[in-house]
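S.K.: Give me a model of this one.
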Amino acid sequence: MGVSDHTKDTFLELKRKKVYRYVIFKIDEKKKEVLVEKTGGPAESYDDFTASLPENDCRYAVYDFDFVTFVTSENCQKSKCFFIAWSPSSSRIRAKMLYATSKDRLRRELDGIHYEIQATDPTEMDLEVLRDRAH
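M.R.: Next up, the predicted model:
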């Protein structure tokens, strides 16, 4: 499974330049390549992100999670990149297998991911789950 240059560049724009809040990737089965399906601007919310994931099909996504730490007397704004493997139980078995076997290849290309979440329903990637993992 290939990873397009556009896919890698879009991830770097999210990570380094903060151009996007999230990027959703899909596999093009004909081209055998991971492509960018959708991006969300910096002002978009986590609810916007989750609403963009298909109900009955698999996707990969990267979400740039901002949070404030209270470790020192100064509040420190931090950001962590989450890789989310979205594989709803209602999706086709072939799609689940394809996404499961291609995940490591994409992850190797996306340098700088802090955490990974595998989700089969929305509760497994709730905002609280991200908050708990980031702290």
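
S.K.: Can you tell me the SS state at the nearest residue to Met1 once chain neighbours are set aside?
M.R.: Leaving out its chain neighbours, the residue that sits closest to Met1 by Cβ to Cβ, 6 or more residues apart in numbering is Ser102, at 4.2 Å. All C-beta spots, glycine's among them, are computed from the backbone N, C-alpha and C. In terms of secondary structure, Ser102 is helix; the call rests on DSSP: H, G, I helix; E, B strand; the rest coil.

S.K.: from what I can see Ser102 touches Phe25, true?
M.R.: No: Ser102 is beyond contact range of Phe25, at 10.0 Å (criterion: Cβ atoms under 8 Å).

S.K.: intersection of neighbour lists for these two?
M.R.: Common neighbours of Ser102 and Phe25, counting by Cβ atoms under 8 Å, 6 or more residues apart in numbering, are Val34.

S.K.: Comparing these two, which residue is more hemmed in?
M.R.: Each of Ser102 and Phe25 had its neighbours counted (other Cβ atoms under 10 Å), and the higher figure belongs to Phe25 (23 against 20).

S.K.: Please identify the helix or strand for the more buried one.
M.R.: Phe25 is located in strand 22-28, with elements delineated by DSSP states H and E.

S.K.: what's around Arg92, how many residues?
M.R.: The local packing of Arg92 (other Cβ under 10 Å) involves 11 other residues.

S.K.: Contact partners for it?
M.R.: Taking Cβ under 8 Å, 6+ apart, one finds Asp57 in contact with Arg92.

S.K.: With Ala61 instead?
M.R.: If you count contacts by Cβ under 8 Å, 6+ apart, Ala61 has them with 22-25, 49, 53, 83-84, 86.

S.K.: Can you list the neighbours in contact with stretch 95-106?
M.R.: The set of residues that contact stretch 95-106 without belonging to it, under Cβ under 8 Å, 6+ apart, is 1, 3, 7, 25, 27, 29, 34, 57-60, 85, 87.

S.K.: Check the model's average confidence along it for me.
M.R.: On average, the pLDDT along stretch 95-106 is 96.

S.K.: got it, and stretch 80-89?
M.R.: Averaged across stretch 80-89, the pLDDT comes to 96.

S.K.: any idea how far Asp66 is from Glu44?
M.R.: Shown here: Asp66 relative to Glu44, a distance of 12 Å by Cβ to Cβ, to the nearest Å.
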